[in-house]
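In: Provide a 3D model corresponding to the input given below.
(2 chains)
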Amino acid sequence: MEKGGVEHEITELRLGLPGRDVTEKMMKKRGFTEMIMTSSGSNSDESGVVSGGDVEKINESPTAKSQVVGWPPVCSYRRKNNCKEAWTTKVGLGYVKVSMDGVPYLRKMDLGSSQGYDDLAFALDKLFGVRGIGVALKDGDNCKYVTIYEDKDGDWMLAGDVPWGMFIESCKRLRIMKRSDATGFGLQPRGVDE
Amino acid sequence: MNYFPDEVIEHVFDFVTSHKDRHSISLVCKSWFKIERYSRQNVFIGNCYAINPERLLRRFPCFKSLTLKGKPHFADFNLVPHGWGGFVQPWIEALARSRVGLEELRLKRMVVTDESLELLSRSFVNFKSLVLVSCEGFSTDGLASIASNCRHLQDLDLQENEIDDHRGQWLSCFPETYTSLVTLNFACLEGETNLVALERLVARSPNLRSLKLNRAVPLDALARLMACAPQIVDLGVGSYEDEQDSESCLKLQAAIRKCTSLRSLSGFLEAAPHCLSAFHPVCHNLTSLNLSYAAEIHGSHLIKLIEHCKKLQRLWILDSIGDKGLEVVASTCKELQELRVFPTDLQGGGNTAVTEDGLVAISAGCPKLHSILYFCQQMTNAALITVAKNCPNFIRFRLCILEPHKPDHVTSQPLDEGFGAIVQACKNLKRLSVSGLLTDQVFLYIGMYATELEMLSIAFAGDTDKGMLYVLNGCKKMRKLEIRDSPFGDAALLADVNKYETMRSLWMSSCEVTLGGCKRLARKAPWLNVEIINENDNNRMEENGYEGRQKVDKLYLYRTVVGTRVDAPPFVWIL
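Out: Model (predicted):
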C-alpha cells in the first residue's frame, strides 16, 4: 500500500555554527509585531519584512499578540470551551454566570441587557422563577436572599452598592445566596473601591 | 515457513498486530504478502489522500477496522481553511458497495456528513465501533441514524468534534431492545440532552464501561446515572454545580462510593470550585485524570484531589495548578507516564502559574514519565538540561513557550542548548515540539541526535535554510514535519526531493518558500501532491517571471500513490 522507505543518498551536511550573537539574530528576524500587523489575511507576495531593532517591540502591546492566527497552538475546540479567552469574550459581551443556592444548574445572563439594578432584579426573578430576589439588591436586611457578585479582582461584593455602570464593568459572576449563609462569607465591606 | 500450510502461517500472523510489523511481514516474500493481505484485520491510513478506497479494497479485501486521518495537524489551530478537504463520504460509499464487513471506523480531522453516517449505519450489519476525533460537518441527526440502525453498536465515541446540535431525540433512537453499549462519549455536544432517554439507556447497558457526558447533564442526573452503572470504568462528568443542595450531593457521594471500578475521570465542563471532594473516595484507584476543561476549579482544590491519586498514570490539567501543584504531583504520582499542562490565559497575561520549576519538579519526581505537553511563560536552558538528565526516557516532548522568540529568561540566550540536551539524552524520542528563541544550532542537534524522531513541530525558529536541512538530512525516521513562521526557503525545500517519499507529509506556512520553488519541486517529484493554500484573492497564480519572489503562504505536500485529488476547493492549487 505504501512504498517502503527508499534509501537515498545523504546529502552532505553543511556544518558550521552560526557564529552571530543574539541581538543580531533578533534583528534579522521578521519583527514579531510587524508580522502580526501583516498576518491576518496575509499577503505573502510581499517579501518578508525585515525589521531592525525590534527587540523592545516584542514585549509591547499584549493585545496584538492574540491576533496571530493559531498561536498559541491550542486546538480550537479547547479555546472555545475553556480558556480565559472564551471567558473574557463572554464577560466583554456582558454575559455572566449566575448561580443560586439550592439550584443545581448555572444560568447565564447578559448584564448588558439590563438598564439598572431594578431591571436586573426583575431579570433574576425571571431567570430562576422565584420572586423576591430583586428586593434583596436594594433592601438588604428584609429578605431571604442576598445577591453578591465577584469582581475583576476576585473579591465578592454585595450587589447594589456601586453605580450601575461601574457594576456591569467589574462584575464577573453573580451568586444568589441565602441570607443566613451570607454572614461570615467574607464579603468586602461596603465602600471599598476595586 | 514455506512448508507450513497457509492456515498455520495465518494463525501465526494473527499474533502480529502492529501496523509496522504487519507491513514488514508483507515484504518477506510473495506468499507471505498474499497471506498477510487476506488476513489483515486493521488498516491504518494516516493520510486519506495517500491512497483511495479502490486500491485499499484491492489490497485488503477482508479488513474489519479502518482508521483514516484527513486534515494536517495544524488544522487544529485554524491554519487550514474551511472546505480544504478530508471528506469521508467517498470512502463510505466505496466500502458500502464492496463486500467488506466493516466493524470499526475511526476518523480524525475529517469531514463527516449526516448522509455519511446514515449510509454507514445502513451498510454494515456487524458495525460495532465509531470513533470520531476532531471531525466536523454532521449533526445529531447523523447520530440518530447510528443509534437507530446499528444493532450491534458497542462504541460511540465523539471526541472534540464540531457537531451541529439539533437538540433532537437521538438518544431515544436506540431501540429498547438494544443493550450492547460499552462506550458512550458525547461530551462535545453543546445542547440539551434527553435525560430520561439517557438514564434508560444506561440502565439497560450492563456492559457499559465508559460514559462521558456533556455539560447539559446536571448533578442530580449524574447521581442517578452512576447509581445505574456502578461498573463504570471511565467517567466524564458534565455539569457539576455543587451549590449546597445537600440531597443531590449525598446521593452523588453514595453513588460514587459504589463505583469501585472507576479508573478514569474527566469532564467537569461546568464546575463549581468546591465540588471535587465528592470524588476523593475513588481517587486511590484512578489511573487517568483529565481536568483540563475545569477552568473554574481553583488550584488548591485540584491539589487536594491529586494528593489522593497515587496510582495516576495520565494527568491532563490546566496551568492554574501552579508550580506548587506540580510539586505535589511529583511527590504523589510516582506512576505518572503522561502529563499535559494547558494554558488558562492565552494572552500570556502576567498571572501564569507554571514555569520551568514545575517542569523540573515533575522530571525529578516521576521516573516513568515518557510523554509531556507543557505550556508555560518562560524556560531556561539549565532547566531543560536538568529535565533531560532526570528523564532520558521521553518518547514525546512538546514544550510551548507562549511568547514566540522568547529566550532563556535568566541568560537571554537562545534555548538551543536546552533542547539539544533533550534530544541527546532521549534516545527514543519520537515526537518533539520546540519553542522559544532558537537558532539553526538547535536543528543541528536535532539532526545529529534525534535518530528516532518521527514528528517535529517548529514555530518561529531558526535563522537560515541550514536549520531545515540539518533536520531533513539527519532525521532518518522523520514522517511528519510541520513548520510555521520560520525563515526556511526554496534551497532547503529542494535540496533532497527524494526525502519526501520517506515521509508522510510536510507543512510549511509563513516561511520563505516561493511559488517558483514549489513548482520546481512538483516537477521533480510527480509522486507528491504539492498543495498551495491561498485564501487571499490577491495571490493569483501568475504566470510571469515573478514566481521566484512570490512567497507562498501555506504549503502542504504529501506522498501519494493516487495522484492529484479531485475534491480540492478553488483556493487550493495543486501543482
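
In: Touching, B:T193 and B:L222? I think so.
Out: No - with contacts counted by C-beta atoms under 8 Å, B:T193 stays clear of B:L222, the gap being 11.6 Å. No exception for glycine: its C-beta is placed from N, CA and C like everyone else's.

In: Overlap of the contact sets of these two?
Out: Taking C-beta atoms under 8 Å, 6 or more residues apart in numbering or on different chains as the criterion, B:T193 and B:L222 both touch B:L213.

In: now for the host helix or strand of B:L156, which elements pack on it?
Out: According to DSSP states H and E, B:L156 maps onto strand B:155-159. Strand B:155-159 is packed against strand B:129-133, helix B:140-149, strand B:183-185, with contacts defined by 3 or more C-beta pairs under 8 Å, 6 or more residues apart in numbering or on different chains; DSSP states H and E.

In: Quick one: residues in contact with the first one.
Out: Just to be clear, that refers to strand B:129-133. Applying C-beta under 8 Å, 6+ apart, the contact partners of strand B:129-133 are B:65, B:103-109, B:112, B:120, B:146, B:150, B:153-161, B:183.

In: List the buried residues for stretch A:71-83?
Out: Neighbour-count burial for stretch A:71-83, counted by 16 or more other C-beta atoms under 10 Å in any protein chain shown, picks out A:71-75, A:77-78, A:81-83.

In: Can you narrow these down to the ones near chain B?
Out: Taking C-beta under 8 Å from any C-beta of the partner chain, the overlap between the buried residues of stretch A:71-83 and the neighbourhood of chain B is A:71-75, A:77-78, A:81-83.

In: would JSON lines of these with secondary structure be doable?
Out: Below are those laid out as JSON lines (DSSP: H, G, I helix; E, B strand; the rest coil):
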{"residue": "A:W71", "secondary structure": "coil"}
{"residue": "A:P72", "secondary structure": "coil"}
{"residue": "A:P73", "secondary structure": "coil"}
{"residue": "A:V74", "secondary structure": "coil"}
{"residue": "A:C75", "secondary structure": "coil"}
{"residue": "A:Y77", "secondary structure": "helix"}
{"residue": "A:R78", "secondary structure": "helix"}
{"residue": "A:N81", "secondary structure": "helix"}
{"residue": "A:N82", "secondary structure": "coil"}
{"residue": "A:C83", "secondary structure": "coil"}
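
In: of all these, which two lie farthest apart?
Out: Spatial extent of those (C-beta to C-beta) is set by the pair A:W71 and A:N81 at 18.5 Å.

In: Who has more neighbours out of B:T193 and B:L222?
Out: Ranked by neighbour count (other C-beta atoms under 10 Å in any protein chain shown), B:T193 and B:L222 place B:L222 first, with 25 against 21.

In: Surely the more buried one is in contact with B:I232?
Out: No - between B:L222 and B:I232 there is no contact under C-beta under 8 Å: 11.3 Å.

In: check which helix or strand covers the residue of chain A found nearest chain B.
Out: For chain A, the residue closest to chain B is A:G70, as judged by C-beta to the nearest C-beta, at 3.3 Å. If you go by DSSP H and E, A:G70 is not part of any helix or strand.

In: That one - nearest residue in space that isn't next to it in sequence?
Out: Residue nearest to A:G70 in three dimensions, not counting chain neighbours: B:F77, with 3.3 Å by C-beta to C-beta, 6 or more residues apart in numbering or on different chains.

In: Assess the claim that the one you found and A:R78 are in contact.
Out: No - using C-beta under 8 Å as the test, B:F77 is too far from A:R78 to be in contact (10.4 Å).

In: Give me the mean pLDDT for the lengthiest helix in chain A.
Out: Taking DSSP state H as the criterion, chain A has its longest helix at helix A:117-128. The pLDDT scores in helix A:117-128 average 79.

In: do that helix and chain B meet?
Out: No - using C-beta under 8 Å from any C-beta, helix A:117-128 stays clear of chain B, coming no nearer than 12.0 Å.

In: Around B:T260, count how many other residues there are.
Out: B:T260 has 12 neighbours, counted by other C-beta under 10 Å.

In: swap in the one 10 residues further on?
Out: The criterion is other C-beta under 10 Å. On that basis, B:E270 has 21 neighbouring residues.

In: Does anything pack onto whatever helix or strand it lives in? Which helices or strands?
Out: For B:E270, the host element (DSSP H and E) is strand B:264-271. Here strand B:264-271 touches strand B:210-212, strand B:234-240, strand B:288-290, going by 3+ C-beta pairs under 8 Å, 6+ apart.

In: Would you single out the least confident of those strands?
Out: Of all the helices and strands packed on strand B:264-271, strand B:234-240 has the smallest average pLDDT, which comes to a mean of 87.

In: any idea of the angle it forms with strand B:264-271?
Out: On the basis of axes from the mean of the first three to the mean of the last three C-alpha atoms, to 10 degrees, strand B:234-240 is oriented at 10 degrees to strand B:264-271.

In: and for strand B:234-240, what are the contacting residues?
Out: Outside strand B:234-240, the residues that touch it by C-beta under 8 Å, 6+ apart are A:104-106, B:183, B:185, B:187, B:209-219, B:222, B:226, B:259, B:262-272, B:275, B:288.

In: Okay, now the sheet partners of that strand, with direction.
Out: Strand pairing for strand B:234-240, using DSSP bridges, gives strand B:210-212 (parallel), strand B:264-271 (parallel).

In: what's in contact with the helix-or-strand element of chain B with minimal mean pLDDT?
Out: Taking mean pLDDT, DSSP states H and E as the measure, chain B has helix B:246-258 as its least confident helix or strand, at a mean of 83. With contacts defined as C-beta under 8 Å, 6+ apart, helix B:246-258 is touched by A:104, B:219-220, B:222-224, B:226-227, B:230, B:242, B:262, B:278-279, B:281-282.
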